[in-house]
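*Asks:* Fold the following and give me the result.
(2 chains)
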Protein chains: 2
Amino acid sequence: MDNRPIGIFDSGIGGLTAFKKVRQLMPNENIIYFGDTSRVPYGGRSSDTIKQYAAQDIRFLLSHQVKMIVIACGTVSANLPPILQQLSVPYTGVLQPAVEAACRATKTRRIGILATAATIRSCAYEKAIFEILPDAMLVPKACPMFVPLVENGYIQKDCTVTRMIAEEYLTPLKEAEVDTIILGCTHYPVIKELIGDLVGPDVTLIDSGKEAARCTQSYLEEKGLRTHRTEPGASHFFVSDTVDSFAATARIFLGRDIGRDASHIDINQY
Amino acid sequence: MDNRPIGIFDSGIGGLTAFKKVRQLMPNENIIYFGDTSRVPYGGRSSDTIKQYAAQDIRFLLSHQVKMIVIACGTVSANLPPILQQLSVPYTGVLQPAVEAACRATKTRRIGILATAATIRSCAYEKAIFEILPDAMLVPKACPMFVPLVENGYIQKDCTVTRMIAEEYLTPLKEAEVDTIILGCTHYPVIKELIGDLVGPDVTLIDSGKEAARCTQSYLEEKGLRTHRTEPGASHFFVSDTVDSFAATARIFLGRDIGRDASHIDINQY
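*Replies:* All right, here's what the predicted structure looks like:
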C-alpha cells in the first residue's frame, strides 16, 4: 500500500483527458497534475527542446514525492527524455498503452496515427506498432491545427472549420481504409465525436489518455502500490502560466471549477 | 554615426515582416534578429509571463551591443516589461507607430484593432488611440487562430478555412463600418491580401511591423545614429528552438535561404 500521489503532466490542458480517466478509475488516489501552460504547445518544437522541457516537468513532479508518473502528453511520450532512465519511480507514457490497444482492436492491420508534428517526425508510434504487428500497414498524419482549434473552443461536432481541417487530415487514412485510428495527442479526444462522424462507425478510435490511465491502474494494483485510503482522493493542479485561463478551460474538460485546487509555479526553477 | 547593429525580436517568425521592411529601408545596417521559437506563441499567455519572456529577449539583444531595439511583437508591445525603463539604448514597439498611422489614415474615426488575446486584454491600443483621437470609435477583436493558421501555411488568399475564421473575426468590424484596421500582430500582414479582400478596398489596413520599421529609420536619422557603411549590412538570426524549422518558414517570408546566417541560443541563460 502506498499513499503517495500519482503525478500526471502534459504541455497544457490536453492531459486532463487522462486525468479524468485516472480519477474515475481510482477515486481514492491523490493526484498531482502539472500543465506547462507557459510553454504550450510542445508539438511543433524540436526533439531537444521537448526533452529539456519534459525533464523539468518530471523534476517538478518528483519534488512532490509522486509514486508514479503518467506522461499524459503524446509529444513527450514519443520523445522520451534521458532523465527517465535514472528514475526511482515507475512511469507510463500514452504511446505504449495506445499502441497495444490499437493492435488488439485492428482486424485488417491497417492503422492510422493522428498526432503532432514532433510525434509523427519521431516515428515512435510506427516503431512500437511494428514490434507487435510487423506486417501492419500504417498511415501517420501530423495534425498541427488540432491543438489550437481545441484550445480555442472549435470543438463542436458540427463546427465547419474543424470539420474541414479534419477532413484534410483524415483523407490519407480513409483512402488507405484503416479500421483503427490512434488519437496520439491527448487534446484529440476532445473532438473524438467529430472525427468519429467523419470516419464512420466501423473505425475504432483509440483514446491514448484513457489507455494510459488503465495502464496506470493495472501497474499500481499489480505492484501493490494502491492507496489504502477509503475517502475520496485530493487533486491538485499546477501550471506554469497563470491559473485563470487554465481554470476556465479545465471547467470545459472536467465540468467543475478547479480554481481553489490550482496553483502557479515557475518551471524554470526545476 | 554608429555602426552597431539594430536588434529586432519577436516571439517567433512574425517579426520577420518588420525585419524585411527594416532591411529594405536601411540596406547598410547590421541587424540581429531574435525569434523565441521555443516559447512561441506569446499571444495566449498572461501579462506576467509575457513580460518575463520579453525581458530575457531584450537582455539577449543587449548582449550583442545593439544600438536600438525594435519590439516586432504586437503582444510584447502591448505588455511592455519594466526592464525597458532602465535601458541605455532607444527602442520602439509596433504599437505606437501603428496607432499614429491609423489615426492619420482614418476619416470616419472608426478604427478596428485585430490582435492576439493578450494584446486585446491589455487595452493598450485603445489607450494609445484615445490619446490622439479621444472621440474615436474603436472595435477591438482578439484573433487567436490567426497565428497558428499563418504558422501552418494556411495563408493563400482563397484558403477557405482562413477565410471562414477571418469572416468571424471581421464581422463586428464590418458591422461598425470601420474605415481603418490595425493589424496589431506582426503575423497578420502575411494574410493582408485575404483580409483586404474580405473588407474591401475602401478600408485601410495598417501593417504594424512596417510602421515600426519606418519609425526606427526616422529615429536613427534624427539622432545621427545611422551606420556610415556603404556596403550591404549583415543579418544574423538567432532562435531559441532549432534552426531548421525557422529557416524553412523564413524562406517563405523572405524569399531566400537564411540557414547559414541562423544560430540556436538558450534563452534561459539571459
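*Asks:* near chain B, which residues of chain A show up?
*Replies:* Proximity of chain A to chain B, by C-beta under 8 Å from any C-beta of the partner chain, involves residues A:37-39, A:44-46, A:48-49, A:144-145, A:148-149, A:151-152, A:154, A:160-161, A:164-165, A:240-242, A:244-245, A:268. (Glycine included, C-beta is placed from N, CA and C.)
*Asks:* Please, where are all the strands along the stretch 51-200 of chain A?
*Replies:* Listed in chain order, the strands of the stretch 51-200 of chain A (DSSP state E, counting those that start in this stretch) span A:68-71, A:91-92, A:110-115, A:137-142, A:180-183.
*Asks:* right, and those - which one's nearest B:Leu198?
*Replies:* strand A:137-142 (28.7 Å; C-beta to C-beta).
*Asks:* I would like the residues contacting the closest one, please.
*Replies:* Contacts to strand A:137-142, defined as C-beta atoms under 8 Å, 6 or more residues apart in numbering or on different chains, come from residues A:109-117, A:119-121, A:123, A:125-126, A:129, A:169-170, A:172-173, A:176, A:178.
*Asks:* Check which residues of the helix or strand containing A:Phe19 are buried.
*Replies:* Here A:Phe19 sits within helix A:16-25, counting by DSSP states H and E. For helix A:16-25, the neighbour count (16 or more other C-beta atoms under 10 Å in any protein chain shown) marks A:Leu16, A:Thr17, A:Ala18, A:Phe19, A:Lys20, A:Lys21, A:Val22, A:Arg23 as buried.
*Asks:* which one among the residues you listed gets closest to A:His264?
*Replies:* Nearest member of the buried residues of helix A:16-25 to A:His264, counting by C-beta to C-beta, is A:Leu16, at 17.0 Å.
*Asks:* now the closest one: how far from chain B?
*Replies:* 17 Å (C-beta to the nearest C-beta, to the nearest Å).
*Asks:* what do you get for A:Gln86?
*Replies:* 22 Å.
*Asks:* burial count for that residue?
*Replies:* Neighbourhood size, A:Gln86 [other C-beta atoms under 10 Å in any protein chain shown]: 6.
*Asks:* likewise A:Ala176?
*Replies:* The local packing of A:Ala176 (other C-beta under 10 Å) involves 14 other residues.
*Asks:* again, but for A:Arg260
*Replies:* A:Arg260 has 9 neighbours, counted by other C-beta under 10 Å.
*Asks:* Turn the strands of the stretch 51-200 of chain A into a markdown table, columns for mean neighbour count, mean pLDDT and distance to B:Ala213.
*Replies:* Below are those laid out as a markdown table (neighbours: other C-beta atoms under 10 Å in any protein chain shown; pLDDT from 0 to 100; distance: least, C-beta to C-beta, whole Å):
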| stretch | mean neighbour count | mean pLDDT | distance to B:Ala213 |
| --- | --- | --- | --- |
| strand A:68-71 | 26 | 98 | 44 |
| strand A:91-92 | 20 | 97 | 49 |
| strand A:110-115 | 27 | 98 | 39 |
| strand A:137-142 | 18 | 98 | 34 |
| strand A:180-183 | 27 | 98 | 44 |
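*Asks:* Please spell out which residues along stretch A:201-211 are buried.
*Replies:* A:Val203, A:Thr204, A:Leu205, A:Ile206, A:Asp207, A:Ser208, A:Gly209, A:Lys210, A:Glu211.
*Asks:* quick one: contacts of the worst-scoring helix or strand of chain A on mean pLDDT?
*Replies:* Here the helix or strand of chain A ranked lowest by mean pLDDT, DSSP states H and E is helix A:243-254, holding a mean of 87. Outside helix A:243-254, the residues that touch it by C-beta under 8 Å, 6+ apart are A:12-13, A:16-17, A:19-20, A:35, A:37, A:151, A:153, A:190, A:237, A:239, A:257-259, A:262-264, B:44, B:46.
*Asks:* Mind checking which of the buried residues of stretch A:201-211 land in strands?
*Replies:* Using DSSP state E, the members of the buried residues of stretch A:201-211 that fall in strands are A:Thr204, A:Leu205, A:Ile206, A:Asp207.
*Asks:* how about the nearest residue to the residue of the stretch 151-270 of chain A found nearest chain B, chain neighbours excluded?
*Replies:* Relative to chain B, the nearest point of the stretch 151-270 of chain A is A:Thr242 (4.0 Å; C-beta to the nearest C-beta). Leaving aside its chain neighbours, A:Thr242 sits nearest to B:Ser46 (4.0 Å; criterion: C-beta to C-beta, 6 or more residues apart in numbering or on different chains).
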